[in-house]
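> predicted structure and sequence below. I'll ask about it afterward.
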Amino acid sequence: MGTKAFTVYAFIMLTLFGCQKDIKIKQLPSENQLSIECILYPGKVPQVYLSTSIAFFDRNTSPSQLFARNASVSVTGSSTDVLVMDSAFDSFRCRWVPFYKGVIPAQAGQSYLLKVTYNGKSYSATTTISQPKTVISSTSYAPSFHDVYGDHEGVIVNFEDYPGKENFYRYRMNRVADSSVYGGSNLGSIHSICTNGALFFISETGRSVFFDKGVDGQNLKIVVEPAFTHQQDDTGYIFIESIDKNSAEFYDNLDKQKLAQFNPFIEPVFIKTKIEGCIGVFGSAVVSDSVLFVYPE
């Protein structure tokens, strides 16, 4: 072997094997921070999700393990609703999801104050349910569309923007599923392992927030990648949520933060809280009437 060839060979070997090194990362102590999430819907009682942050390598990641128990939670409109601990079973992930639940349904046109006291600290935020109700004009299906995540199928929703004000929208689909249904690209290979083929309800809220900036009063079209797998003739019901500005900014920022995790060429995004002293948002949404959707393939 010539000197030049040997040098190239040695460089390749060093590149392949010389840069490998096992590193033990010492977990530093971290201070737990409270997370609050609540969106009020007219006609629905308040549900407030309280959880505590954990260290990056902590193994306690389920909603029950992170739930902030023994907090004092109230939502005040024309009267005060004192919320109590409750939970619902997530049949898709086979786990209980705890939250604080009220008994007084929210009303459109009313302002609300959220108060939370936990571990000696108090947090508060306000919202007003003043968003217009959107009307879906049509839906369709795209077997392939491209976005920053690659090539996907998509559900297309057309609706008219309410003119004369700043509006923010989210997509939602409600449907029934069984254990043969898997999560889409954002949920990996997750599927139900506890329902044994029985039907259960799932509600899919779109990751992205849509703004009407520059298209005020126009017909809007959004394309959303389904979060769950499906088969031909599977049905669901589509809604468009009109959300308040605080919620729109929070969830849009959260979406950008998730995007930065998957794309090394995107500048990291820090989540901007909408509730002082903690991480989270207290907002409201007005939901459109549902439209039946049938998957054509």
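Alright, I've got the coordinates.

> for stretch 111-120, what is the average pLDDT?
For stretch 111-120, the mean pLDDT works out to 97.

> if we go by neighbour counts, what in that stretch is buried?
By neighbour count on 16 or more other C-beta atoms under 10 Å, the buried set for stretch 111-120 is Tyr112, Leu114, Val116, Tyr118. Yep, even glycine has a C-beta here, placed from its N, CA and C like the rest.

> would you format those as CSV with secondary structure included?
CSV is the format used below for these (DSSP: H, G, I helix; E, B strand; the rest coil):
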residue, secondary structure
Tyr112, strand
Leu114, strand
Val116, strand
Tyr118, strand
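
> what's the closest of those residues to Gly184?
Using C-beta to C-beta, Leu114 comes nearest to Gly184 of the buried residues of stretch 111-120, at 32.3 Å.

> spatially, what comes nearest to the most centrally placed residue in the chain if we skip its sequence neighbours?
Closest to where the C-alpha atoms of the chain average out (C-alpha atoms, centre = their mean) is Arg207, at 5.4 Å. Spatially, and ignoring its direct neighbours in sequence, Arg207 is nearest to Asp255 (5.3 Å; C-beta to C-beta, 6 or more residues apart in numbering).

> sec struct for that neighbour, please.
helix.

> tell me the contacts of it?
Asp255 is in contact with Arg207, Ser208, Val209, counting by C-beta atoms under 8 Å, 6 or more residues apart in numbering.

> what's the distance between it and Thr205?
12 Å (C-beta to C-beta, to the nearest Å).

> and what of Tyr118?
Using C-beta to C-beta, Tyr118 is found at 26 Å from Thr205.

> please apply the same query to Gln107.
Separation of Gln107 from Thr205 (C-beta to C-beta): 22 Å.

> can you pull out the residues in contact with stretch 83-96?
So stretch 83-96 is contacted by 46-48, 62-64, 69, 73-75, 97-102, 177, 181, 183, 190-195, 200-202 (C-beta under 8 Å, 6+ apart).

> and stretch 274-283, how far out from the chain's middle?
Average the C-alpha atoms of stretch 274-283, do the same for its chain, and the two points are 15 Å apart (C-alpha atoms, centre = their mean, to the nearest Å).

> was I right about Ile136 contacting Val287?
No. Counting by C-beta atoms under 8 Å, Ile136 stays clear of Val287, with 10.8 Å between them.

> joint contacts of the two?
With C-beta under 8 Å, 6+ apart, Ile136 and Val287 have common neighbours Phe239, Ile240.

> give me the element Tyr141 is part of.
strand 136-147 (DSSP states H and E).

> please state the offset of stretch 115-122 from the chain centre?
25 Å.

> end-to-end on that stretch?
7 Å (C-alpha to C-alpha, to the nearest Å).

> same deal with stretch 224-240?
End-to-end distance for stretch 224-240: 12 Å, by C-alpha to C-alpha.

> mind listing what's buried in it?
For stretch 224-240, by 16+ other C-beta under 10 Å, it's Val224, Glu225, Pro226, Ala227, Phe228, His230, Asp234, Gly236, Ile238, Phe239, Ile240.

> which of the residues you listed sits closest to Leu40?
Nearest to Leu40, judged by C-beta to C-beta, of the buried residues of stretch 224-240 is Phe239 at 15.8 Å.

> that closest one: what's it in contact with?
Ile136, Tyr171, Arg172, Met173, Asn174, Val287, Ser288, Asp289, Ser290, Val291.

> identify the bridge partners of Thr117.
As for beta bridges, Thr117 partners with Ser72, Ser122 under DSSP bridges.
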